[in-house]
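Colleague: Predicted coordinates and the sequence they were generated for:
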There are 2 protein chains.
Amino acid sequence: MTLALVAQRAGVSVQTVSNALNSPDLLAPRTLARVNEALSELDYRPHQAARSLRTRSSRLIGYGVQPMPAGVSTPVHDDFLHALSDSADRAGYRILLFAASADGEADRYDELLREHSVDAFVLSNTNRGDKRPAWLLKRDVPFVAFGRSWSAREHGDWVDVDGAHGTAAAVGHLVAAGHRRIAFLGWPRGSGVGDDRARGWREAMREHALPTRDLRVSSVNDVDAAREAVAPVLARATAVVAASDTLALGCYRALRDRDLSPGRDVAVVGFDDSPAAALLAPALSSVRQPLREVGRACIGLLMDRISAPGGAAQHVLLPPELVVRESSVPLPPA
Amino acid sequence: MTLALVAQRAGVSVQTVSNALNSPDLLAPRTLARVNEALSELDYRPHQAARSLRTRSSRLIGYGVQPMPAGVSTPVHDDFLHALSDSADRAGYRILLFAASADGEADRYDELLREHSVDAFVLSNTNRGDKRPAWLLKRDVPFVAFGRSWSAREHGDWVDVDGAHGTAAAVGHLVAAGHRRIAFLGWPRGSGVGDDRARGWREAMREHALPTRDLRVSSVNDVDAAREAVAPVLARATAVVAASDTLALGCYRALRDRDLSPGRDVAVVGFDDSPAAALLAPALSSVRQPLREVGRACIGLLMDRISAPGGAAQHVLLPPELVVRESSVPLPPA
DNA sequence: GAACTTTTTTGGATCGATCAAAATTCACCC
DNA sequence: GGGTGAATTTTGATCGATCCAAAAAAGTTC
C-alpha cells in the first residue's frame, strides 16, 4: 500500500495524493474528493520510515524508564504513561520507551538522537543535580521535565504538581474540622519536593494564624524511621500532615504504639494517594497528583517547543487534589 | 553523520562500511580495522528511518498501555516495563508505547502495522475472550502475551507466572509451620488466573493429605467483600491463602472484627506482593511475580518468533517467589 | 484572441541505508 | 606469466514519501 497505488486508483499523480494528505487546501475540491475516496477505500497509511527519512523527524518522543530501586514504590505512573501516550497520539506522536540508567547518564539519550530515533524527550524523576536538562538544552533538543528543576538557573520547560498547594489544602481541611495544632511530618531539608510541601504547610498555618513552633519533624522516607520521628510531636498535635503516604503510615504506627487511633484521636493526611492509602484501616486521606493532566500538559509544552524551538521556557504548575477519607474525619458512630 | 562520510574517511565505499556493520566477516581484517576506526572516531550511528525503510523492519515492538480502571491497582508493572525495555535494547529493539483502549480494540494495532511503525507486539492483561491474539495470529504478526490465553484453542506464544505454584508454595510454607486447616480465599470461579491459583492450593493440600472441604470461599476483588466472605471460614481454619493482596487485606479486617490478630492467631498469605504488602502491620507474606524475568522471557520468545515466523508456539511458565513476612510466622516475643 | 496571472498537476531529485550483481584484487598453480 | 577460482570491494538500483522547480490548465484582462 503505497502512495503510488493510491494515485493510480484515483487517476492522479503521486504528488497530488501527498498534497491531499499534507496540504489539502492546495487541491481543487473535485480532485480532493476523488483522492480522499481512493485513500479511504484502500485504507492507506503513510509508511512512517519513508516519511521520517524525508522529513527528518521521527514523530517519536523518548521516555526513559528508570529501574525502580527495590521497595520504593514509584507513585504508580501507569496513569501518567497512559495520559502521555494518549495525548501524544492525538498530536500525531508516539512514545518510545527505553531503559535509562538510574543515574541519568546521557549515553542512551545521545544514542537515540544520533540514530534520529526520537525528536524530543520527556524526563521524569529529575532530581537535584540532574545533568540531563543542561545536556539537552545545550544541544537544542526539545524536552519537558515532569518535576521542576530545583537547581534554579536552568530554564527548560517543565510541568509539576504544586506540592505546597496540596499540603496547604490539607491544612485548610483540618482547620475547617476544628484542628489547631497541626504538625508536619516531612523529609530532611534539602530536597526540592520535600521543602515545597513543607512550605505549603507553614504558609497555610501562618495564614490561619496558627503556630508552627515545635510542630515540624523530619524523617527519611521509611515507615519505621517515620514512626520514631513523629512520636514526640504526637503529644503536642491533634493532626499530622505528612509529606508522603509512607510517612503517614509511620504516623499510624506511632499512634498505635500509644494506643491512639488515627482519624479518631489524631487526624492524619498523607501525600501521593498511593494505592495503599485507600486500603488502610482507617483509610488514609491523601493528596492526589493529577497525573493525567500532567501527561497532557507535558505533551502540550513539548508541541509548543517543537514548533517554536527558540521560544521562552514555559512552566505549568498543577494543583493536586485532596482526597478525604476516614483518617481525617471523625469516624461515624458504628 | 552518514555512511558516506565514514566511507570517505576510511577510504572505502559506502557498501563496505555497511558490511563492516552488518556482516563484518565479509571484510578483510585489515579493511575492517580501518573502517572500525573511522566508525568509532566519528561515533557513527545508522539513521534508523533509512535502515527501516530499506529493510522493512522498524525494530520497534508495540506495547499498548490500557487505561487503569480507577481503584484497581495494576500489579505495579513499572518493573515489567523496565525489564521489557532493557531486554529489547539488548536485542537491538525498542518499545513503542501507545494508548490502547480498555476493551482491546484492534484498530490501534492495525494502524501501527499499516504504518510499519512496529514489527511485533507484546500484549498484557489478556483477558478471556480477548480478540487480539486471534487477530494477530491470522495476520502472521509476531506477538507474545504476558498471561496465557485461557481460551484453550488459540496457540500464540505466551509467558506467564505459575499461579498454582505460588499458592502451593504458600501451602507448603504453612504446613511446615504446623498448620493443617488452611483455607483458600479466592475469586469466583471462571477466571483463568483465579482458578489456577485455587488449583495450586487444592493440589498442595491433597499432597499433604489435608482436607479442603468447607475451606474454600470466594469473593470479588474488593476489601470489604472479602472481609464478609472470609468470616465464616475463620472458625474452621488456622491459616488463609488468598488469591490477591486485596483479598488478604479483607481477611485482616475480618480477623480484627473478631479481635484476632493476623500472623499471631491466624496466618495469612497474599498474592502479588503489591507495595502495600510490606507496609501493612503485620507485614503481609505474599507471592511475588518475577516481573523482570517475565519481561526478559517475553522478548526472548518474540525474538524467536521473529526469526522463525512459522515455528511452533512456545510457552514459558515462571515460578513466583513466596516472600515470608510477619503475617505467616509467629511474631517474635516483643 | 493574445498576453498575463493564478491555480493545479507533473517529473525528477532526495533523504540514508541495504540488496544484488558486477568489477576488482588476490592467491595459487601449471 | 597468464589462467583459474575464490575472496574482497565497488557500482547501481531501490525502499516510499516529500521537496523543488517547472509544465500544464484554468481564469482575467484588454
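Modeller: The structure has been received and is ready for your questions. Numbering: from 1, shown residues only, chains lettered A, B, ... in the order given.

Colleague: A:Ala283 touches A:Arg325, doesn't it?
Modeller: Yes: using C-beta atoms under 8 Å, A:Ala283 makes contact with A:Arg325 at a distance of 3.8 Å. Using the backbone N, CA and C atoms, a C-beta is placed for each residue, glycine as well.

Colleague: Return every residue with contacts to both of the two.
Modeller: Listed contacts common to A:Ala283 and A:Arg325 are A:Ala277; contacts here mean C-beta atoms under 8 Å, 6 or more residues apart in numbering or on different chains.

Colleague: Helices along the stretch 151-300 of chain A, start to end?
Modeller: For the stretch 151-300 of chain A, the helices defined by DSSP state H, counting those that start in this stretch cover A:163-176, A:192-207, A:223-230, A:245-257, A:275-279, A:291-307.

Colleague: any idea which of the ones you listed is most buried?
Modeller: helix A:245-257 (a mean of 25; mean count of other C-beta atoms under 10 Å in any protein chain shown).

Colleague: Tell me the helices and strands packed up against that helix.
Modeller: Secondary-structure packing of helix A:245-257 (3 or more C-beta pairs under 8 Å, 6 or more residues apart in numbering or on different chains; DSSP states H and E): strand A:182-186, helix A:223-230, strand A:239-242, strand A:267-271, helix A:275-279.

Colleague: Show me what from the stretch 1-150 of chain A comes close to DNA strand C.
Modeller: A:12-16, A:19, A:26-28, A:31, A:50, A:53-54, A:56 (C-beta under 7 Å from any atom of the strand).

Colleague: What's the ChimeraX syntax to select whichever of those are buried?
Modeller: To isolate the buried members of those in ChimeraX, using 16 or more other C-beta atoms under 10 Å in any protein chain shown:
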select /A:12,16,19,27,31,50,53
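
Colleague: just the residues of the stretch 1-150 of chain A next to DNA strand C: which has the poorest pLDDT?
Modeller: Within those, pLDDT reaches its minimum at A:Ala28, with 83.

Colleague: how near is it to A:Val35?
Modeller: 10 Å (C-beta to C-beta, to the nearest Å).

Colleague: returning to what we had before: among the residues of the stretch 1-150 of chain A next to DNA strand C, which are in reach of chain B?
Modeller: A:50, A:53 (C-beta under 8 Å from any C-beta of the partner chain).

Colleague: ok, back up a step: rank the helices and strands packed on helix A:245-257 by mean pLDDT and give me the bottom one.
Modeller: helix A:275-279 (a mean of 88).

Colleague: What lies in contact with that helix?
Modeller: Here helix A:275-279 has contacts from A:73, A:76, A:245, A:248-249, A:270, A:283-286, A:323, A:325, B:71, B:73, B:223, B:246, B:249, B:274-276, B:279, using C-beta under 8 Å, 6+ apart.

Colleague: Out of the helices and strands packed on helix A:245-257, the one nearest A:Phe121 is which?
Modeller: Across those, A:Phe121 has its closest neighbour in strand A:267-271 (27.1 Å, C-beta to C-beta).

Colleague: got the angle for the closest one vs helix A:192-207?
Modeller: If you take axes from the mean of the first three to the mean of the last three C-alpha atoms, to 10 degrees, strand A:267-271 sits at 140 degrees to helix A:192-207.

Colleague: how about strand A:267-271, does it get close to chain B?
Modeller: No: judged by C-beta under 8 Å from any C-beta, strand A:267-271 stays clear of chain B, getting no closer than 11.5 Å.

Colleague: Which elements pack onto that strand?
Modeller: Packed next to strand A:267-271, using 3+ C-beta pairs under 8 Å, 6+ apart, are helix A:163-176, strand A:239-242, helix A:245-257, strand A:285-288.

Colleague: Tabulate the CA atom coordinates of the longest one in CSV.
Modeller: Coordinates of the C-alpha atoms in helix A:163-176 are reproduced here as CSV (Å, rounded to 0.1, in the frame of the first residue of the first chain):
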residue,chain,number,x,y,z
GLY,A,163,3.1,20.3,46.4
ALA,A,164,2.7,23.4,48.6
HIS,A,165,-0.8,23.8,47.4
GLY,A,166,-1.5,20.2,48.4
THR,A,167,-0.3,20.5,51.9
ALA,A,168,-2.0,23.9,52.3
ALA,A,169,-5.2,22.2,51.2
ALA,A,170,-4.7,19.6,53.8
VAL,A,171,-4.2,22.2,56.5
GLY,A,172,-7.3,24.1,55.3
HIS,A,173,-9.3,20.9,55.5
LEU,A,174,-8.0,20.1,59.0
VAL,A,175,-8.6,23.7,60.3
ALA,A,176,-12.2,23.5,59.0
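
Colleague: Looking at it now, give me its mean pLDDT.
Modeller: Helix A:163-176 shows a mean pLDDT of 97.

Colleague: circling back to that earlier point, DNA strand C is nearest to which of the helices and strands packed on helix A:245-257?
Modeller: helix A:275-279 (44.8 Å; C-beta to the nearest atom of the strand).

Colleague: is A:Leu60 in a bridge, and if so with what?
Modeller: Beta-bridge partners for A:Leu60, by DSSP bridges, are A:Arg94.

Colleague: That one against A:His116, yeah?
Modeller: No: contact criterion C-beta under 8 Å: A:Leu60 and A:His116 do not qualify, at 9.4 Å.
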